[in-house]
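> have a look; sequence and predicted model below, questions after that.
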Amino acid sequence: MEYFTVEQVAEKLQLSVRTIRGYIKSGKMPASSMGKRRYRISQDQLDRFMQATEVKLGQDNQED
């Protein structure tokens, strides 16, 4: 199984490292702890996060 660092995930998603760490700390993004402030995210965990945040047309993304 392939694992990514927080920095690699941030680059893949075009988000900041700080945002990814916030998602992990809040429980929005699953990750494995490798010690203080050291996380690894598997491809499976990343896929689950992306599915959970998927926007479906006609649902919660209506613009006013």
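Received the coordinates, thanks. Numbers count the residues shown, from 1 in each chain.
> run a quick neighbour tally on E11.
A count of neighbours around E11, defined by other C-beta atoms under 10 Å, yields 13. For the C-beta atoms, the positions are set from N, CA and C on the backbone; glycine is no exception.
> okay, it: pLDDT?
E11 is assigned a pLDDT of 98 by the prediction.
> per-residue pLDDT, the residue nearest to the spatial centre of the chain?
Closest to where the C-alpha atoms of the chain average out (C-alpha atoms, centre = their mean) is M29, at 4.4 Å. M29 is assigned a predicted lDDT (pLDDT) of 96.
> in which helix or strand does it reside?
Per DSSP states H and E: M29 is located in neither a helix nor a strand.
> tell me the contacts of it?
Residues touching M29, when contacts are defined by C-beta atoms under 8 Å, 6 or more residues apart in numbering, comprise V9, I20, Y23, I41, Q45, L46, F49.
> in a strand, the fourth one, correct?
This points to I41. Yes - per DSSP: H, G, I helix; E, B strand; the rest coil, I41 lies within a strand segment.
> look up phi and psi at the residue nearest to the centre of the chain.
With angles defined as degrees, to the nearest 10, M29 sits at phi -120, psi 120.
> below-threshold pLDDT in this structure: ranges please.
When the per-residue scores of the chain are filtered using pLDDT under 70, the ranges that remain are 58-64.
> want to throw the contacts of M29 into TSV with secondary structure, neighbour count and distance to E2?
Compiled in TSV, the contacts of M29 are given as follows (DSSP: H, G, I helix; E, B strand; the rest coil; neighbours: other C-beta atoms under 10 Å; distance: C-beta to C-beta, whole Å):
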residue	secondary structure	neighbour count	distance to E2
V9	helix	24	12
I20	helix	26	17
Y23	helix	20	19
I41	strand	23	10
Q45	helix	20	11
L46	helix	20	9
F49	helix	20	15
